[in-house]
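Student: coordinates for the following, if possible.
(one chain, ligands or ions: 1)
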Amino acid sequence: MTHGARKTERSQELFAEAHYIDYVCAYGPLILGHAYPAVADVLAAAASRGTAYGATSELEIELASVIEEAFPWIELLRFVNSGTEATMSALRLARAYTGRSKIVKFEGGYHGHADGLLVQAGSGQATLSLPDSPGVPPSFAAETLIVPYNDAPAVDSLFDRCGEQIAAVIVEPIAGNMGVVPASPSFLERLRQLTSQYGALLIFDEVITGFRLCYGGAQTILRIQPDLTCLGKIIGGGLPVGAYGGRREIMEMVAPLGPVYQAGTLAGNPLAMAAGIVTLKALEDRSVYEQLEVKSIYLEDGLRRAAGEAGVPIRLNRAGSMLTMFFTNENVTDFATAKRSDTQRYAAYFHGMHDRGIFLAPSQFEAMFVSAAHSDEDISATIRAAGQALSSIR
Ligand SMILES: *Cc1c(COP(=O)(O)O)cnc(C)c1O
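Tutor: Below is the predicted model:
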């Protein structure tokens, strides 16, 4: 038998028999688990009524009202097809509203793949932003200023130098894309003060955190009002979606009410809207969040214990049902400390878990997402697998 043939046979075997306990959950959207019955049913019904209209549908209005009720500071909302479109459009709007062109993002913050956002500038030198990806012109990247996450003094001095040129600060209130790293409330409050003082907009990228931490966003818990909010993931119930919204006066600048162009052939798509409505209806019963919290604490405690028993130094960051186990022995509060994790150990752990039927993201710098579909038995099995996987990488 050739190696190729053996490989194919092996993959068929895996395909037929493999079962995984999934903590990727499509990188966040699947808070109710895969193929949630009410979502599957509503999709079939919605599809039989048409998959796109080129006009606003009642479903779009309904989902928008559900979201606006949960996010009191969103006065007007626009649906798009992805989180990337949401942040890209919100930043265009912020530039138009302020008449300025610079934007501020944080090291290790991910806001989708629009050109000007693919910049991390590990050097932390705001004036020397270099693109992370080939294909991004340095002149685009130069409009993006980078500051370390959770570093209020660095933001202070940036605004001191060029605050009048800054259109907006975009931030994940709980970072999920350098691994889970919560912002300190005082850091976010400082961002609010500085942006107000300098006439810049504060944009909360809640594409992950929206409806993940609570019924609403991190802003609901923190009581900090951003000017604009970006959403995605959970609000589409597993279908392609994004949304941005905020203060009426700003949002009214978007076409057709105002001059800032933004449109999307399939935006507000009836399938995505229907899946989103059913998902948010299920979450409206707040006990879902209480159960997620209980399960996530159980998982967190079990993973800490497993690492302790295996003698593997870790730091575990958790915010609600999103958590990351960093292979490091120092606290992780920003991208620099996240990057000090031993990614080879993470790789070994990832494979050890994969071999034991636990599906984690193949990167240290992602989150584990707990869903309503994870049972206590699933979590116990996960903790057992982690104990074995961790003791074999030591
Ligand atoms: C996933 C994500 C995005 C991008 O959303 P896509 O739907 O993948 O384009 C933007 N911001 C944050 C915080 C995200 O987690």
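Student: and the protein, which residues reach the ligand?
Tutor: The interface of the chain toward the ligand, taken as Cβ under 6 Å from any ligand atom, is made up of 82-84, 87, 110-112, 172, 176-177, 205, 207-208, 232, 242. Any C-beta I mention is one placed from the backbone N, CA and C, and that applies to glycine too.
Student: let's go with 5 Å and repeat that
Tutor: By the rule Cβ under 5 Å from any ligand atom, the part of the chain lying against the ligand is 82-84, 111-112, 172, 205, 207-208, 232.
Student: quick check, nearest of those residues to L63?
Tutor: G232 (12.8 Å; Cβ to Cβ).
Student: look up how far M325 lies from the closest one.
Tutor: Separation of G232 from M325 (Cβ to Cβ, to the nearest Å): 25 Å.
Student: and for E206?
Tutor: With the distance defined as Cβ to Cβ, E206 ends up 23 Å from M325.
Student: would you mind telling me which of those two has the busier surroundings?
Tutor: Neighbours were tallied for E206 and for M325 using other Cβ atoms under 10 Å; the higher tally belongs to E206 (31 against 26).
Student: residues touching that one, list them.
Tutor: With contacts defined as Cβ atoms under 8 Å, 6 or more residues apart in numbering, the neighbours of E206 are 172-173, 217-219, 229-231.
Student: one more: H351?
Tutor: For H351, no residue meets the contact criterion (Cβ under 8 Å, 6+ apart).
Student: test my guess that M353 contacts A389.
Tutor: Yes: look at M353 against A389 with Cβ atoms under 8 Å: they come within range, at 5.1 Å.
Student: just the residues of the chain next to the ligand now: which is nearest the ligand?
Tutor: For the residues of the chain next to the ligand, the residue nearest the ligand by Cβ to the nearest ligand atom is G83; the value is 2.1 Å.
Student: what's the neighbour count on that closest one?
Tutor: G83: 29 surrounding residues under other Cβ under 10 Å.
Student: my read: it touches G112, true?
Tutor: Yes: the pair G83 and G112 passes the contact test of Cβ under 8 Å, sitting 5.1 Å apart.
Student: quick check: neighbours shared by those two?
Tutor: Jointly contacting G83 and G112 under the rule Cβ under 8 Å, 6+ apart are V207.
Student: any idea how far the residue nearest the centre of the chain is from D151?
Tutor: By Cα atoms, centre = their mean, the chain has its centre lying nearest to I208, at 2.7 Å. Applying Cβ to Cβ, the value for I208 to D151 is 21 Å.
Student: and for F159?
Tutor: Relative to D151, F159 is positioned 13 Å away (criterion: Cβ to Cβ).
Student: those two: who's more crowded?
Tutor: Each of F159 and D151 has its neighbours counted (other Cβ under 10 Å); F159 has more, 24 against 19.
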